[in-house]
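**Q** I would like the atomic coordinates for the input below:
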Amino acid sequence: QVQLVESGGGLVQAGGSLRLSCAASGPTFSLYTMAWFRQGPGKERQFVAGINRNGARTYYADSVKGRFTISRENAKNTVSLQMNSLKPEDTAVYYCAAQSSSGTVVTTTYEYNYWGQGIQVTVSS
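**A** Numbering: from 1, shown residues only. Next comes the predicted model:
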């Protein structure tokens with residue numbers, strides 16, 4: 001079992017940057033595919049970015065491609081999301097998620113069995 005804790009959210013102006021971090025507990029972090037999801041007001045939770053177990057492969061939603069970068073450090077049990085050129089439509093609660101059943105990045109919420117508590121990101125226009 002793994003516990004996930006997000007940090008780094010906050011308020012930023014449009015065009016600015018934020019870096020989210022997710023700290024995972026447990027000795028088997030490298031066995032999990034990791035991802036970031038987000039949920040805006042009145043919207044369903046959506047996939048943002050994912051990274052495979054060794055960090056060699058990443059996958060992004062079209063809406064963030066070229067602006068966001070996901071990375072992980074298995075030695076430190078962390079996964080990060082660097083968010084640049086932020087837009088008001090990026091405003092959401094961002095969630096870190098982990099799954100161990102597939103070695104590839106998957107994009108649906110039901111395939112992830114561990115979730116962080118979520119962290120607010122607000123982008124003002």
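
**Q** contacting residues for Ala49?
**A** Shown in contact with Ala49 (Cβ atoms under 8 Å, 6 or more residues apart in numbering): 35-36, 58-61, 64, 68-70, 81. To be clear about C-beta, it is placed using only N, CA and C from the backbone, and glycine gets the same treatment.

**Q** ok, and the closest non-adjacent residue to the residue most central in space within the chain?
**A** Nearest to the mean C-alpha position of the chain, by Cα atoms, centre = their mean, lies Trp36 at 2.1 Å. Using Cβ to Cβ, 6 or more residues apart in numbering and skipping residues adjacent in sequence, the residue nearest Trp36 is Val48, 4.4 Å away.

**Q** buried residues in the helix or strand encompassing the one you found?
**A** Element membership for Val48, per DSSP states H and E: strand 46-51. By 16 or more other Cβ atoms under 10 Å, the buried positions in strand 46-51 come out as 47-51.

**Q** which two in the residues you listed are spaced the farthest apart?
**A** Farthest pair in the buried residues of strand 46-51 (Cβ to Cβ) is Phe47 and Ile51. Separation: 12.2 Å.

**Q** related to what we said a few turns ago, what angle do the helix or strand encompassing the residue nearest to the centre of the chain and strand 46-51 make?
**A** Element membership of Trp36 [criterion: DSSP H and E] is strand 33-39. For strand 33-39 against strand 46-51, the angle between stretch directions is 160 degrees (axes from the mean of the first three to the mean of the last three Cα atoms, to 10 degrees).

**Q** so which elements touch strand 33-39?
**A** Using 3 or more Cβ pairs under 8 Å, 6 or more residues apart in numbering; DSSP states H and E as the contact test, the elements touching strand 33-39 are strand 18-24, strand 46-51, strand 68-73, strand 78-83, strand 92-99.

**Q** dump the C-alpha coordinates for that strand into CSV.
**A** Extracted in CSV, the C-alpha atoms of strand 33-39 (Å, rounded to 0.1, in the frame of the first residue of the first chain):
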residue,chain,number,x,y,z
THR,A,33,3.0,3.9,-12.6
MET,A,34,2.2,7.5,-11.5
ALA,A,35,-0.1,10.2,-12.8
TRP,A,36,-1.6,13.5,-12.1
PHE,A,37,-5.3,14.2,-12.6
ARG,A,38,-7.3,17.3,-12.0
GLN,A,39,-10.9,18.2,-11.3
